[in-house]
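Participant: here is my input, please return the structure:
(one chain, ligands or ions: 1)
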Amino acid sequence: MARRIVGSAAAVMLLALAGGLMAAGGSQSLRSAGARIGILAGAAAAPQHFSDPNYTATLIRDYSMIEPENQMKWRATEPARGQFNFRPGDELVRFAQAHGMKVRGHNLLWAKFNPAWLYRGHFTPAQLREIMRQHITRVAGHYAGRVFAWDVVNEAFDREGHLRHSIWYDRPGIGLAGDGTAYIAQAFRWAHAADPKALLFYNDFDAEGINAKSDAIYAMVKDFKARGVPIDGVGLQAHLGLNAAGVSQLAANIARFGGLGVQVQITELDVRVPVNAQGQLLSSNELARQAKVYGRVAEACAQEPACTAFQTWGFTDRYSWIPHHTHEKFGFALPFSSAYKPKPAYYAILSAFKKAERNRSVTGQRIRLERERLR
Ligand code: XIL
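Facilitator: Predicted coordinates:
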């Protein structure tokens with residue numbers, strides 16, 4: 001039952017009740033507070049940590065959605081041409097199913113995290129087109145009915161809003177180089193054919209505010225909607241720092257995508273904090289500043305009916321991509337400490353969700369939109 005999120009107002013109430021009864025933290029969990037306003041609370045997760053009981057207990061208590069951090073990327077799912085490995089992804093799906101969580105798939109097409117055979121193969125556009133078609137068809141087909149939403153294409157635009165050069169677009173591309181977003185549209189069409197029920201997202205970073213990149217994504221979505229290319233949503237990654245300038249425009253940005261008839265999900269939120277050479281916080285004040293950023297993102301999502309999920313990239317500082325990614329200059333980016341203690345950021349999300357409960361008309365609108373989508 002808990003898997004049918006926001007089917008109706010009654011379902012939401014039942015879910016909140018069940019969440020409250022099931023979860024150790026009861027009404028204190030992100031999962032139940034999110035359910036009461038029709039928002040999925042998500043985290044990127046990795047099955048290699050499932051043997052850590054604190055890891056699984058926290059996930060189960062606080063989250064209604066998980067996304068594989070790396071296990072459904074091309075390098076993981078098709079390590080050799082035409083040979084698919086779904087084991088790690090399947091393990092994550094089984095865990096989610098056992099605990100009434102939804103699974104967000106990530107991702108079907110990206111310029112990065114691809115296997116060496118793909119880069120070194122010197123394939124022709126016609127061959128690449130067939131490789132891409134087969135990959136999307138096999139992966140989305142395998143997870144049909146178990147992955148409710150896919151990031152179909154990841155990070156295709158640069159900060160100026162131009163399409164990035166990539167093996168799929170123009171190096172050499174699948175035969176649509178120079179044809180703008182045509183290769184992206186093709187990916188969405190194949191994904192839709194493989195799993196007509198999955199929600200299909202375009203996902204990118206630094207597009208939280210209104211800027212050249214989010215304008216380009218907006219123009220693409222508008223064009224796809226006008227031409228019947230099957231797109232259902234935009235994922236805003238939200239890898240942020242303490243300044244997070246774009247966040248002040250986040251609500252307006254979500255609203256404009258909502259106006260095109262697509263939903264928005266916050267997909268990879270983390271807020272990096274600078275650390276010293278020993279990897280320690282410069283001052284505890286930084287965690288309060290971090291909490292403010294988390295709270296503002298949660299508020300923007302909660303106040304906009306088009307925002308249907310709020311997901312962080314991991315959930316505990318014990319396992320986060322930030323220290324490695326920033327050459328150990330930043331850390332402490334997630335809502336739980338490395339000892340699984342909720343940080344100020346956690347309470348900021350929770351209080352933003354709770355505050356939004358008072359605004360019943362937004363929740364009502366979100367649930368109505370969700371019901372129309374399920375129809
Ligand atoms: C990151 C993972 O967290 C790392 O473990 C991996 O080494 C590289 O990828 N944008 C995305 C995610 O869409 O897939 C990335 O995940 C982070 C940036």
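
Participant: what's near enough to touch Phe148?
Facilitator: Lys102, Val103, Arg104, Ala198, Leu199 (CB atoms under 8 Å, 6 or more residues apart in numbering). Backbone N, C-alpha and C define where each C-beta goes, glycine included.

Participant: roughly how far apart are it and Ala98?
Facilitator: 16 Å (CB to CB, to the nearest Å).

Participant: can you show me the helices along the chain?
Facilitator: Listed in chain order, the helices of the chain (DSSP state H) span 9-22, 30-36, 53-62, 74-77, 87-98, 116-120, 125-142, 182-194, 212-227, 250-259, 285-303, 322-325, 344-357, 360-374.

Participant: what's the closest of those helices to the ligand?
Facilitator: Closest approach to the ligand among the helices of the chain (CB to the nearest ligand atom): helix 322-325, 7.3 Å.

Participant: just to revisit the earlier point, which of the helices of the chain sits most buried?
Facilitator: Each of the helices of the chain was assessed for mean neighbour count using mean count of other CB atoms under 10 Å. The highest is helix 30-36, with a mean of 27.

Participant: that one packs against which elements?
Facilitator: Applying 3 or more CB pairs under 8 Å, 6 or more residues apart in numbering; DSSP states H and E, one finds that helix 30-36 makes contact with helix 9-22, strand 40-45, helix 53-62, helix 344-357.

Participant: residues contacting the residue nearest to Asn276 when sequence neighbours are not counted?
Facilitator: Of all residues not flanking Asn276 in the chain, Leu282 sits nearest, at 6.1 Å (CB to CB, 6 or more residues apart in numbering). Shown in contact with Leu282 (CB under 8 Å, 6+ apart): Pro274, Val275, Asn276.

Participant: also Val153?
Facilitator: Asn107, Leu108, Leu109, Trp110, Ile184, Ala187, Phe188, Tyr202, Asn203.

Participant: give the bridge partners for the closest residue to the ligand within the stretch 151-300 of the chain, please.
Facilitator: Among the residues of the stretch 151-300 of the chain, Asn154 lies closest to the ligand, at 5.1 Å counting by CB to the nearest ligand atom. Note on Asn154: beta-bridge partners by DSSP bridges are Asn203.

Participant: Leu281 too?
Facilitator: Val275.

Participant: the ligand contacts on the stretch 251-375 of the chain?
Facilitator: By CB under 6 Å from any ligand atom, the residues of the stretch 251-375 of the chain that approach the ligand are Glu268, Trp321.

Participant: list the residues that contact the residue of the stretch 251-375 of the chain found nearest the ligand.
Facilitator: Distances between the stretch 251-375 of the chain and the ligand by CB to the nearest ligand atom are smallest at Trp321, namely 3.4 Å. By CB under 8 Å, 6+ apart, the residues touching Trp321 are Glu69, Trp313, Gly314.

Participant: what's the mean pLDDT across stretch 55-69?
Facilitator: The average pLDDT for stretch 55-69 rounds to 98.

Participant: near the ligand, which residues of the stretch 51-200 of the chain?
Facilitator: Residues of the stretch 51-200 of the chain lying near the ligand (CB under 6 Å from any ligand atom): Glu69, Asn70, Asn154.

Participant: list the contacts for the second one?
Facilitator: Counting by CB under 8 Å, 6+ apart, Asn70 touches Ala46, Ala76, Phe113.

Participant: and what of the first one?
Facilitator: Contact analysis of Glu69 by CB under 8 Å, 6+ apart lists Ala44, Ala45, Ala46, Trp313, Gly314, Trp321.

Participant: count the neighbours of the closest residue to the fifth one other than its chain neighbours for me.
Facilitator: The shortest distance from Gly314 to any residue that is not its chain neighbour, by CB to CB, 6+ apart, is 4.9 Å, and that residue is Ser320. Taking other CB atoms under 10 Å as the criterion, the count of residues near Ser320 is 23.
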